[in-house]
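Peer 1: Fold the following.
(one chain, ligands or ions: 1)
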Amino acid sequence: MRWSDDALVLRRTPFRETSLLLHFFSRRHGLLSALARGVRAGGRAAASMDRAALAGFHTVVMGCQARSVQALATLTAVEIKQPRHRLMHGAAALLAAQVIQEALYRFMAPGEPNPGVFELLEWAWDQLDGAQEPLAVLGICQARLVRALGYGWRTDCCVGCGGQEGLRYFSAKRGQVVCNRCAAPYVQPILTAEAAQAGPWLFFLGDHLYAILQQLEWTPGFVALSVADKAVLYRIGMACLVWLGRTPLLSDAPFRQILGLESIHSYATSSS
Ligand SMILES: [Zn+2]
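Peer 2: Presented below is the predicted three-dimensional model:
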């Protein structure tokens with residue numbers, strides 16, 4: 001069987017003497033691996049492939065063939081469809097891309113197509129390649145990913161009482177906003193150890209962020225938010241992913257370090 005698809009290269013691993021094992025996220029086939037035979041040796045096998053296409057964050061068109069659905073596919077052709085050359089030159093952008101890649105591997109099963117997530121990934125790579133603020137890109141991207149995974153992201157009413165007034169908190173455990181009244185028992189005694197335990201999953205939004213959470217759009221209003229507000233959005237998305245996956249993402253700490261951000265836990269404990 002043969003097919004072609006739009007894809008983004010996630011990982012490259014040397015295979016035997018002359019080949020590369022490539023891990024893609026593709027539009028219609030989801031996560032998949034393919035072997036680029038002989039591509040490191042040059043010569044005839046490599047001639048049909050644009051090796052630069054395999055090196056970065058470009059959207060590529062890949063051609064594959066495999067004996068069966070289960071068998072490891074062989075890459076037969078690849079070319080750049082949408083180039084992105086600048087992303088790999090920004091340290092924070094690269095670390096942001098790693099956070100997104102790790103989340104993909106954790107939450108997407110191999111061979112499970114999700115065109116919406118593919119478009120989200122292309123959007124995130126475009127923004128990072130365009131030198132947009134990595135913290136802001138990641139904030140929107142993670143939240144949209146949580147929503148695209150079907151986890152939910154409700155902002156219309158309080159998860160506790162169903163009310164629509166004073167929606168000023170977000171619960172990462174429930175994926176929904178919480179009103180002032182329902183949040184109060186968890187927020188006020190935050191200085192005790194007991195409350196600190198409840199803290200990391202509940203985030204104060206303020207007026208600006210509540211509006212952002214409703215839209216999750218890259219608007220001028222969002223771009224103009226303070227770094228502190230963007231950091232809260234990033235932490236909300238990360239907390240949702242950690243809660244969903246039950247373990248921290250390894251790429252969270254390096255990304256926070258380069259931006260000088262505290263961890264989810266220390267933030268939630270100190271901010272209330
Ligand atoms: Zn409530």
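Peer 1: What are the contacting residues of the longest strand along the chain?
Peer 2: Secondary structure assigned by DSSP state E gives strand 2-15 as the longest strand of the chain. For strand 2-15, the external contacting residues (CB atoms under 8 Å, 6 or more residues apart in numbering) are 20-29, 31, 35, 40, 53-65, 76-77, 81, 101, 104-105, 118, 121-122, 125. Bear in mind the C-beta positions are built from the backbone N, C-alpha and C, glycine included.
Peer 1: Give me the buried subset of those residues.
Peer 2: The neighbour count (16 or more other CB atoms under 10 Å) marks 20-27, 29, 31, 35, 40, 53-54, 56-60, 62-64, 76, 101, 104, 118, 121-122, 125 as buried among the contacts of strand 2-15.
Peer 1: restrict those residues to those near the ion?
Peer 2: Among the buried ones among the contacts of strand 2-15, no residue sits close to the ion (CB under 5 Å from the ion).
Peer 1: quick one on the thing from earlier: just the contacts of strand 2-15: which are in strands?
Peer 2: Using DSSP E, the contacts of strand 2-15 in strands are 20-26, 31, 35, 59-65, 76-77, 81.
Peer 1: Let me see the contact set for Thr155.
Peer 2: Taking CB under 8 Å, 6+ apart, one finds Leu167, Gln176, Val177, Tyr210, Leu213, Gln214 in contact with Thr155.
Peer 1: So which residues of this protein form helices?
Peer 2: Assigned by DSSP state H, the helices in the chain fall at 43-47, 91-107, 115-129, 134-148, 180-187, 193-198, 206-215, 220-223, 227-245, 252-259, 264-270.
Peer 1: Find the one among the ones you listed with the highest mean neighbour count.
Peer 2: Comparing the helices of the chain by mean neighbour count (mean count of other CB atoms under 10 Å), helix 134-148 comes out on top with a mean of 24.
Peer 1: At the geometric centre of this protein, which residue sits there?
Peer 2: Geometric centre of the chain, nearest residue: Ile100, 2.9 Å, by CA atoms, centre = their mean.
Peer 1: Surely that residue and Ile140 touch.
Peer 2: No: using CB atoms under 8 Å, Ile100 is not in contact with Ile140, being 11.1 Å away.
Peer 1: I appreciate the help and will end here.
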